[in-house]
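> Provided below are the primary sequence and the corresponding predicted coordinates.
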2 protein chains.
Amino acid sequence: MPDKVRIALDAMGGDHGPAVVVAGAELALRHNPATEFLFFGDAAQVSPLIDARPELQAVSKFTHTEVAVRMDAKPSQALRYGRWKSSMWLAIAAVKKGDADVAISGGNTGALMAMAKFELKMLPGIDRPAIAAVWPTLRGQSIVLDLGASIGADAEHLVNLAMMGAATARILLGIERPTVGLLNIGVEEVKGLEPVREAGRMLREEKLPNLDYVGFVEGDDIGLGKVDVVVTEGFAGNIALKAAEGTARQMGEYVRDAMSRTLGARIGYLFARSAFRKLKERIDPRRSNGGVFLGLNGIVIKSHGGTDAEGFAAAIGVGHGVVRDELLAKISFTLGRHHDYRRHALGGAAS
Amino acid sequence: MPDKVRIALDAMGGDHGPAVVVAGAELALRHNPATEFLFFGDAAQVSPLIDARPELQAVSKFTHTEVAVRMDAKPSQALRYGRWKSSMWLAIAAVKKGDADVAISGGNTGALMAMAKFELKMLPGIDRPAIAAVWPTLRGQSIVLDLGASIGADAEHLVNLAMMGAATARILLGIERPTVGLLNIGVEEVKGLEPVREAGRMLREEKLPNLDYVGFVEGDDIGLGKVDVVVTEGFAGNIALKAAEGTARQMGEYVRDAMSRTLGARIGYLFARSAFRKLKERIDPRRSNGGVFLGLNGIVIKSHGGTDAEGFAAAIGVGHGVVRDELLAKISFTLGRHHDYRRHALGGAAS
């Protein structure tokens, strides 16, 4: 474990750019003083913000670039004009070169994924990356993946997701042998979605030592915290995440609305305002900001583009967690062991 | 429009069977006195419940059968032992024969769908059924489909879903020309999920008179009410619905928990209790119970299996709405016009 966690930041990423990134880094530094930051971005915009924060400045290095990836650029476009020189690329390249332990960006997800794949390459045995995030549940927290790195998945990819998700849960949630469920739908007729069923069979038969496969779970089981790791392909995973976020916002609006409607409600609100403050914190989507890209030869974290400094600090906090506990080494180790196991068990049929 | 809406009920369906179905019918009758019920089920269990409710009994016919579809039966099994004689089948058959306007069951979804397809057959031009439901949003209500009748969808099926969903929104929500969005994910790289993109192109080009296609929407746009009709294939739709339900339950728990933690919160709760009562009603999942099976030559509604009498009454209310406004005739008309249009526009290439 390194003395200090070195975090490369795409200072130009996100809807609010350097203002949120630099302020977020300052907040994160207070939570975790053992941090060094590498900022990449436009000097005119970024340097004054860093210089105005002496404590942050003391632990930061800054690299100037005029190129920033646009939020609406297609990945292919972003690669064309942003490779080698954009703030996003330089943050990822710092991880590749070993200058940083993790790269974080609030920028264009597709471009970030494309650049990360291009520069860092995939881990052996993994064809496609995944996005994992910590999902707050009634029982605590779960890891859900893939949240939209790729669409569709064959059984082998779902098993890889299960292993990477379990390694992430061990590290971020501290659960030695996490329970794992495959996301499916409850209609009997279609329960047979072939890759999901096949992945279930594989997970049951292979009895992997580092995870406890418990079967299919449905969408409402995520929030209930029925399993520690929920595995799904990226299309359904992204839609589940966004549907849950939308519903949480909707419920928050309903509570606000209910508490301002009548005099009794307004008086009640005054008595209960500390409870409401805690409630608000609890359902605050900023607290669970930070999607970890898995399957790559290096750690990259995507922050929500629209978040504020506190949300960005939470994404940096996730970066701290995965680096401190050496997520990458553990995933690589688990995958290597799994592939050895399969090679052995299947007489060389799987690689 | 018929004088009375005739509703066929599978009295044995759902986790709680006749107790909830009969009590739900009694509640629904109070809301809509112009109703007749046809109950199908086991006389020993159902008749005493009906006989104990003279007002309900006066508008009800009862047919005895000893066969009930098990909640865990596979559709093929259910068809084998339940065809011609189960309470579920008899309710659907009553619609086929013209004895009832709509059939409602809280039983096994897969079996209900299989039996409905088998007995009622699909509408011309529709290959696969869909489940649509009313989704409460920050702006009011939207129709979301398909919620799990089938997995996957080609572009043509998505366009059919858009038309059926728009017809349903016109009828259940009273919106003359509903806005329609295709559910998709926000990652640029994968926005190209081919059938969704192709369906978007078709909807844009065909400029259907009865709906206003506005483009892609994401999971969080559902709860915000960005469009009147959200179209998706059944796997993602089911997961979105369940994830939202799970999150709503989670938020409800958080509110309850917050309001009992401190003395101030408990006092505040007392002042605001009428507001909380209204809030509870508002987020009550029973209120939006009732999934409408679309694409069939007859109307079948699925109630949640685990609901109570009030929830079952809500499903009957949905049945009332669709029958009163002749959903089936309007969908058939819209589809017929669309297929004529396509035949004409494409020189007979589409059928």
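Structure's in. What do you need?
> My read is that residue A:89 contacts residue A:112, right?
No: applying Cβ atoms under 8 Å as the test, residue A:89 and residue A:112 come out as separate, 9.6 Å apart. From N, CA and C alone the C-beta is placed, and that goes for glycine too.
> Name the residue in the two with the higher neighbour count.
Neighbours were counted for residue A:89 and for residue A:112 using other Cβ atoms under 10 Å in any protein chain shown; residue A:112 has more, 31 against 27.
> hey, where'd the strands end up in chain A?
Taking DSSP state E as the criterion, chain A contains strands spanning A:5-10, A:35-41, A:60-64, A:102-105, A:130-137, A:140-145, A:179-183, A:212-217, A:229-231, A:291-294, A:299-302.
> Can you name every helix or strand that the last one contacts?
It refers to strand A:299-302. Packing partners of strand A:299-302 (3 or more Cβ pairs under 8 Å, 6 or more residues apart in numbering or on different chains; DSSP states H and E): helix A:87-97, strand A:102-105, helix A:109-120, strand A:291-294, helix A:309-324.
> Tell me which of these sits nearest to chain B.
Proximity to chain B (Cβ to the nearest Cβ) singles out helix A:109-120 among those, at 3.4 Å.
> Run the contact check for the closest one versus chain B.
Yes: interface with chain B: helix A:109-120 contributes A:109, A:110, A:111, A:113, A:114 (Cβ under 8 Å from any Cβ of the partner chain).
> Let me know the pLDDT of the most centrally placed residue in chain A.
Nearest to the geometric centre of chain A sits residue A:291, at 1.4 Å (Cα atoms, centre = their mean). Looking at residue A:291, its pLDDT is 91.
> Likewise for residue A:252?
84.
> Over to residue A:64?
Residue A:64 is assigned 97 on the pLDDT scale.
> try the one 10 residues further on
Residue A:74 is assigned a pLDDT of 88 by the prediction.
> Surely it and residue A:109 touch.
No: counting by Cβ under 8 Å, residue A:74 sits too far from residue A:109 to count as a contact (11.8 Å).
> ok, the two, which is more surrounded?
residue A:109 (27 against 17).
> Run a quick check on residue A:249 versus residue B:221, I expect a contact.
No: assessed by Cβ under 8 Å, residue A:249 is found out of contact with residue B:221, at 11.0 Å.
> so where's the stretch 101-250 of chain A shaky on pLDDT?
Where the stretch 101-250 of chain A drops to pLDDT under 70, the residues are A:187-192.
> what sits against residue A:168?
A:132, A:143, A:145, A:229, A:292, A:294, A:322, A:327, A:331 (Cβ atoms under 8 Å, 6 or more residues apart in numbering or on different chains).
> Report the entries of those residues that also contact chain B.
Near chain B, by the rule Cβ under 8 Å from any Cβ, you find none of those.
> And those, which of them are buried?
Neighbour-count burial (16 or more other Cβ atoms under 10 Å in any protein chain shown) applied to these gives A:132, A:143, A:145, A:229, A:292, A:294, A:322, A:327, A:331.
> Widest-spaced pair of the residues you listed?
Between any two of these, the greatest separation by Cβ to Cβ is 15.1 Å, found for A:229 and A:322.
> quick one on the thing from earlier: take the contacts of residue A:168 and write them to TSV, including distance to residue B:262.
Formatted as TSV, those follow (distance: Cβ to Cβ, whole Å):
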residue	distance to residue B:262
A:132	35
A:143	32
A:145	37
A:229	34
A:292	36
A:294	40
A:322	36
A:327	38
A:331	42
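> wait, isn't the residue nearest to the centre of chain A in contact with residue A:131?
Yes: counting by Cβ under 8 Å, residue A:291 touches residue A:131, with 4.4 Å between them.
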